[in-house]
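In: Here's a sequence, model it:
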Amino acid sequence: MGRDYYVFNDIQINRKENTIRFSDGAKLKKDIPIESVERLHLFGEITTNTKFFNFISKYGVIVNFYNYYGFYSGSYYPRKKNVSGYLLTRQADFYNKKQKRVYIAKCFIDSAAHHILKNLRKYKPDTEEVIKKVEAERINVMQAEDIKELMGAEGRMRSAYYSAYNFILKNGFTFDKREKRPPTDPVNALISFGNSMMYTTVLGEIYKTQLDPTISFLHEPSTKRFSLCLDVAEVFKPLIIDPLIFYLINNKMITLDDFDIQENVCFLNDNGRKKFIREYENKLSTTIRHRSLNRSVSYRNFIKLECYKLIKHFIGDEVYKPLKAWW
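Out: This next block holds a predicted model:
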């Protein structure tokens, strides 16, 4: 089974027999067997050729690209081999039927609310008022009759949740409001970077299934993005990304020295990204004893299981029930 590789240097990447060769054009050369690679994350300037892309396509390797600031910019997504016309039509049918679509969208946000509340309860009594607001909006989520109303309740819930960050964060980190385009402070930079990592992780797990990543339910399907990844990521961002941010900051594993600010854009520098990714990969590989499967399941595999639960829902085998962490 392959793993993720993260490349921060400006480097040449080529095929070398049955391996991927990383080279700086001088003395540095490293060959990695193609079978050990599942995804590549490229943060530096890369030189390569079509021979390389043809090679990795045979093995289904996804390549994710990040810009100068470390923010996700796009993916090379090989042609899927695991496809199903039947599932595609069923997935589209659930999008086109309002009641079916709203049910799935509510499931994603209800799961997110569950994990948000789980995070907030760890910091009681400081977060008690925020907990009440989130619980109230969670009720509004389940009572929403359309996507617009649902998104409104979700936005208010997130706003309340973010207001609790200043009760949680230590060591000189503060948070006023969520700013995405671009992030202007360290906490926003961490959230944006973490969400990018989660998006690409979900994309990698969806790729293994017969799901179409462009047909979504909470987020409106659009051109030039895999919007189903955004949907599924809603379940896992407060379960994985947010606690990781709290952990890194409060244990002084990431400090203000790990950020750069240029022209009102704040972003993690290479050192900060490496720290975040190291702990992120550790988190994804952490296992939990699954109550139904009666075996240990990693956080990464929980994402894949969520995809298969959606498939069962679409084909009528089992009604979708989103993950709600019990541990």
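
In: Would you mind finding the longest helix in the protein?
Out: helix 98-121 (DSSP state H).

In: For that one, which helices and strands make contact with it?
Out: If contacts are counted by 3 or more C-beta pairs under 8 Å, 6 or more residues apart in numbering; DSSP states H and E, helix 98-121 sits against helix 85-96, helix 128-143, helix 147-163, helix 227-236, helix 242-250. All C-beta spots, glycine's among them, are computed from the backbone N, C-alpha and C.

In: what angle do the third one and helix 98-121 make?
Out: Here helix 147-163 runs at 10 degrees with respect to helix 98-121, directions being taken by axes from the mean of the first three to the mean of the last three C-alpha atoms, to 10 degrees.

In: Check which residues of helix 147-163 are buried.
Out: 147, 150-151, 153-154, 156-158, 160-163 (16 or more other C-beta atoms under 10 Å).

In: most tightly surrounded among the helices and strands packed on helix 98-121?
Out: Ranked by mean neighbour count under mean count of other C-beta atoms under 10 Å, the helices and strands packed on helix 98-121 are led by helix 227-236, which reaches a mean of 24.

In: helix, strand or coil for the residue nearest to the spatial centre of the chain?
Out: By C-alpha atoms, centre = their mean, the chain has its centre lying nearest to Met198, at 1.4 Å. Secondary structure, DSSP: H, G, I helix; E, B strand; the rest coil: Met198 is helix.

In: so it sits right up against Val235, yeah?
Out: No. Taking contacts as C-beta atoms under 8 Å, Met198 lies outside contact range of Val235: 9.8 Å.

In: which parts of the longest helix of the chain are buried?
Out: 101-102, 104-120.

In: Kindly report the same for stretch 28-40.
Out: Applying 16+ other C-beta under 10 Å to stretch 28-40 flags 32, 34, 37-40 as buried.

In: And the contacts of that stretch?
Out: 1-5, 7, 13, 16, 18-23, 55-56, 59, 61-64, 200, 204 (C-beta atoms under 8 Å, 6 or more residues apart in numbering).

In: again, 10 Å this time
Out: 1-7, 9, 11-13, 15-24, 46, 55-56, 58-65, 75-76, 200-201, 203-204, 207-208 (C-beta atoms under 10 Å, 6 or more residues apart in numbering).

In: so who does the nearest residue to Phe314 once chain neighbours are set aside touch?
Out: Spatially, and ignoring its direct neighbours in sequence, Phe314 is nearest to Arg90 (4.2 Å; C-beta to C-beta, 6 or more residues apart in numbering). Arg90 makes contact with 84, 311, 313-316, according to C-beta under 10 Å, 6+ apart.

In: How many neighbouring residues does Lys309 have?
Out: Neighbour count of Lys309, defined by other C-beta atoms under 10 Å: 18.

In: follow-up on the earlier one: out of the buried residues of stretch 28-40, who's nearest Asp231?
Out: Arg39 (20.0 Å; C-beta to C-beta).

In: circling back: shared neighbours of Met198 and Val235, which are they?
Out: Ile303.

In: Break this structure into its domains for me.
Out: Following automatic domain parsing, one finds the domains of the chain at 3-66, 85-314.

In: before we move on, the earlier item: in CSV, list the buried residues of helix 147-163 along with distance to Leu256 and pLDDT.
Out: Output for the buried residues of helix 147-163, formatted as CSV (distance: C-beta to C-beta, whole Å; pLDDT from 0 to 100):
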residue, distance to Leu256, pLDDT
Ile147, 39, 96
Leu150, 37, 96
Met151, 34, 94
Ala153, 34, 96
Glu154, 31, 96
Arg156, 30, 96
Met157, 29, 96
Arg158, 25, 96
Ala160, 26, 96
Tyr161, 23, 97
Tyr162, 20, 96
Ser163, 22, 95
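
In: Fine by me, we can end here.
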